[in-house]
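S.K.: The amino acid sequence is not available; the structure is as follows:
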C-alpha cells in the first residue's frame, strides 16, 4: 500500500529521485490502462455488480496514479509532492548549473583569494529581464544563461522554486530579495509587471533616479528587511545617477543547522595552509563517527564531502583538492564539466572524521562587466539594448547588477546571505576529510539540483570577526 501523503519536505537520510518516482507512476498507470482496456471490451449491461466495482476501482486508480505522476517518493512508505512543473524545473537546474560553472570561472579569472556568490539569485534576477528582451539582446542572454526551454517553462520553473523557497520552516531560514528598479520616466508594461508578481514573486519599482539618496536608502531598507538585517548598504552612495535607467538588485540569505553538528569543545586552533609553504592558525572544527556522503574523484584530483542541513533538502558540498596548491587545477577541470551530474557522482555514505575551518565570507559585486566578458553585451549598451517587452520601446538598458552575498560557517551550521572515463574510488577506513588548505564549496538544493551558493575559501582569516582575533 502507498504510504501517507506528507505535506512537508523529506527529512530522511534518503534523497528523493524524481525520475525514479515518475517512472514508477507511469508503470502503475500503464497497468491500470491494461485493466481498463480489458474491462471496456465487455458489454457493461452483462456485468455483475462486482464487475462494475472492479471497473470503477480501476477508473479511480487511473485518476489517482495520474495525480501521483506529480509526486516524488522519498523513503519507503512515504512520499512528498514534487514540483507542479517538474520537467521545467529539471531543465532550469541544468541551465543554472551550467551558468554557475561559467560565472564562477569568470569571477575567479584573474582574482586571487576568497570568493562567494549566489548563482541562483543572479540567474533569477536576469531571468526576470529575459522575458522582456528581444532581438540580439535576448539571444545573448539565452546563450549565456544556457536556456533551452521556452519562456513559459522558464517562468513556471521559477514560480515553483520560489514558492518552495518561501515556505516557512522552524529548522532553517532562506530569504531572498529580487527587484527591478526602473526610472519613473519610462513606462512599465502591465504584462511584464504581472509576470514579475505572479511568476517571480517580485516587483518592478519606478523611481526618480535624480533623488539619489532617497532611492538608495529605500532600496537598502527593503533588502535589509528581506535578508533579516544581514545584508546592509547594498547600494553605495553615488552609484545611482540621473542617467540610470534600470538597476537589478538581488540579495539572498540562508541560515541552517547541520544535521550532525560539530562539537564546540573540539574546536581548536590548527594550521591552514594557504600555500605549499605558508600557513596560518585558524579555529578548526571537528566531528567524528557521523555518517556523511563522500567520494574520492581521481579525475578531479579532489575529495568531495556533502553535509546535510537539518530539516531541509539543502546540503553543503565541499571539494577539497589533493594538493595544498591544487585549487587552480581543480577549478580548471570543473570549468569543463557538467556540474549537475558530476557533483553527485560517486557520493557514498560512510562514517568519517571531518575537520573544516570556521569561516565567514562577504562579497559585493557589480556583475555588469563580468557578464559583458561572458558575451552578454547588448543588455548593458544604451544604443543596442532591446528591452521592449518591459517598457514598450528600445530606450531601456541595464546600468548595474549589484550582488551581495554573505556566508558564515560554524559548529552549529551555516548562515549565507546572498561520464566517461571517470574513476571513482573510496579510500580505506578509517576515512577522514581534513580541510586544512584551500577548497571550493557549494550550497545546493538536493531536490531540484539548483546551486544556491558557490564559492572558494583560500584564507579563513580574511573575514574573521575581530573579537576572535
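M.R.: Everything's here; your move. Since this is a predicted model, take the numbers as computed values, not measurements.
S.K.: chain center to stretch 369-381, what's the gap?
M.R.: Computed by CA atoms, centre = their mean, to the nearest Å, the chain-centroid distance of stretch 369-381 equals 23 Å.
S.K.: For the closest residue to residue 399 other than its chain neighbours, give me phi and psi.
M.R.: Leaving aside its sequence neighbours, residue 399 sits nearest to residue 244 (CB to CB, 6 or more residues apart in numbering; 5.1 Å). For every residue, glycine as well, the C-beta is placed using N, CA and C. With angles defined as degrees, to the nearest 10, residue 244 sits at phi -70, psi 140.
S.K.: my guess is residue 244 meets residue 182, correct?
M.R.: No - using CB atoms under 8 Å, residue 244 is not in contact with residue 182, being 9.4 Å away.
S.K.: These two - which one has more neighbours?
M.R.: Just comparing residue 244 and residue 182: by other CB atoms under 10 Å the higher neighbour count belongs to residue 182, 24 against 20.
S.K.: The more buried one in helix, strand or coil?
M.R.: Secondary structure, DSSP: H, G, I helix; E, B strand; the rest coil: residue 182 is strand.
S.K.: Leaving out sequence neighbours, find the closest residue to it.
M.R.: Leaving out its chain neighbours, the residue that sits closest to residue 182 by CB to CB, 6+ apart is residue 246, at 5.1 Å.
S.K.: For residue 144, see how far away the residue nearest to residue 399 is.
M.R.: Note on residue 244: its distance to residue 144, by CB to CB, to the nearest Å, is 23 Å.
S.K.: So what sits opposite residue 249 in the bridge?
M.R.: Under the criterion DSSP bridges, residue 249 forms beta bridges with residue 179, residue 402.
S.K.: Make sure it is actually in contact with residue 202.
M.R.: No - using CB under 8 Å as the test, residue 249 is too far from residue 202 to be in contact (10.2 Å).
S.K.: Spit out the residues that contact these two alike.
M.R.: When contacts are counted by CB atoms under 8 Å, 6 or more residues apart in numbering, residue 249 and residue 202 have 178, 179, 180 as shared neighbours.
S.K.: closest to residue 113 among the residues you listed?
M.R.: Nearest to residue 113 among the shared contacts of residue 249 and residue 202 is residue 178, at 27.5 Å by CB to CB.
S.K.: What is the neighbour count of that closest one?
M.R.: 24.
S.K.: Mind pulling up the pLDDT for it?
M.R.: Looking at residue 178, its pLDDT stands at 71.
S.K.: before we move on, what about the one 3 residues further on?
M.R.: Note on residue 181: pLDDT of 78.
S.K.: for it, what are its contacts?
M.R.: By CB under 8 Å, 6+ apart, the residues touching residue 181 are 204, 205, 207, 215, 219, 246, 247, 248, 249.
S.K.: measure the last one to residue 242 for me?
M.R.: Distance of residue 249 to residue 242, given as CB to CB: 18 Å.
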